[in-house]
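Visitor: Have a look at this prediction, sequence included:
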Amino acid sequence: DSGVTQTPKHLITATGQRVTLRCSPRSGDLSVYWYQQSLDQGLQFLIHYYNGEERAKGNILERFSAQQFPDLHSELNLSSLELGDSALYFCASSEEGRMNTEAFFGQGTRLTVV
Amino acid sequence: SQQGEEDPQALSIQEGENATMNCSYKTSINNLQWYRQNSGRGLVHLILIRSNEREKHSGRLRVTLDTSKKSSSLLITASRAADTASYFCATYINQAGTALIFGKGTTLSVSS
């Protein structure tokens, strides 16, 4: 158990819909990273938050947004869903946003868009 | 975008054999990390090697880093069926923000 909790574990929704994925980082970790993993694209970095502030942005679509709340949990919002958004979405946390620390991953949310 | 690229993409070996995976990266790094992912599950951190280190060991794992060639290798000795998984290298990119970027991974299959 990594200490990172992601909910829900599975999500099936229709095209055009909006969903929210939730991540609770390890106790004390201030950084949260979001990733999308699909078979053809590998593990794609989406966005990094540190202590409530956006720190780095990767290949995140405009239809996607994220935020980190004062209690440090984070949410990834996906809207106007398309079939191609079907993937595993992972969050990871690390301490203090320093570049010398390991990241701890949640078990992921499997999103299926039908 | 990918920072690290693993090689080979897939590797099949017998139990007891050694498995070597390589990772090449593009930009300067503070450290390089290796992670393992069992099918469809979250990634698990294996080992971190800093840019001023050349070799690091952890149990049956041996990692080397050559910053002049921008490459790293992960050696798993005496492989077991339980080592079957995908292995990824990851680095923090040295620019504004701290994005941990992963390669596409090597899929290791160990048969008994």
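Guide: Sure thing, it's come through.

Visitor: alpha carbons only for contacts and neighbour counts from here, please
Guide: Noted.

Visitor: so where's chain A uncertain?
Guide: When residues are selected by pLDDT under 70, those of chain A lie in A:96-99.

Visitor: and the closest residue to A:G108 other than its chain neighbours, what element?
Guide: In space, A:G108 comes closest to A:F90 once its chain neighbours are excluded; the distance is 4.4 Å by C-alpha to C-alpha, 6 or more residues apart in numbering or on different chains. With elements taken from DSSP states H and E, the one containing A:F90 is strand A:87-94.

Visitor: and for whatever helix or strand comes next after that strand, what are the contacting residues?
Guide: Sequence order places strand A:104-105 as the next helix or strand after strand A:87-94, per DSSP H and E. For strand A:104-105, contacts defined as C-alpha atoms under 8 Å, 6 or more residues apart in numbering or on different chains pick out A:2-4, A:26, A:90-94, B:42-45.

Visitor: Same check on stretch B:18-33?
Guide: Contacts of stretch B:18-33 with the rest of the structure, by C-alpha under 8 Å, 6+ apart, involve A:99-100, A:102, B:3-8, B:11, B:13, B:45-51, B:67, B:70-79, B:89-94, B:103, B:106.

Visitor: okay, how far is it across it, tip to tip?
Guide: When the termini of stretch B:18-33 are compared using C-alpha to C-alpha, to the nearest Å, they are 20 Å apart.

Visitor: Now do that stretch, average pLDDT.
Guide: Stretch B:18-33 comes out with an average pLDDT of 92.

Visitor: That one: which residues count as buried?
Guide: Along stretch B:18-33, the positions that meet the burial threshold by neighbour count (16 or more other C-alpha atoms under 10 Å in any protein chain shown) are B:A19, B:T20, B:M21, B:N22, B:C23, B:S24, B:Y25, B:I29, B:N31, B:L32, B:Q33.

Visitor: quick one: the third one and A:H10, what's the gap?
Guide: If I follow you right, that is B:M21. Using C-alpha to C-alpha, which is the criterion applied here, B:M21 is 32 Å from A:H10.

Visitor: now swap in the fourth one and tell me
Guide: Look at B:N22 and A:H10: by C-alpha to C-alpha, they are 33 Å apart.

Visitor: rewinding a little: next, count neighbours for the residue nearest to A:G108.
Guide: Taking other C-alpha atoms under 10 Å in any protein chain shown as the criterion, the count of residues near A:F90 is 29.

Visitor: pretty sure it contacts B:G42?
Guide: Yes: using C-alpha atoms under 8 Å, A:F90 is in contact with B:G42, at 7.2 Å.

Visitor: can you list residues touching both of the two?
Guide: When contacts are counted by C-alpha under 8 Å, 6+ apart, A:F90 and B:G42 are jointly contacted by A:F105, A:G106, A:Q107, A:G108.

Visitor: what does chain B have sitting close to chain A?
Guide: Residues of chain B lying close to chain A (C-alpha under 8 Å from any C-alpha of the partner chain) are B:1-2, B:30-31, B:33, B:40-45, B:48, B:50, B:92, B:96-105.

Visitor: Buried ones only from the residues you listed, please, as a PyMOL command.
Guide: Of the residues of chain B next to chain A, the buried ones can be selected in PyMOL as follows, counting by 16+ other C-alpha under 10 Å:
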select buried, chain B and resi 2+31+33+42+43+44+45+48+92+97+98+99+100+101+102+103+104+105
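
Visitor: Strands - which of the residues of chain B next to chain A land there?
Guide: B:N31, B:Q33, B:L43, B:V44, B:H45, B:L48, B:R50, B:Y92, B:L100, B:I101, B:F102 (DSSP state E).
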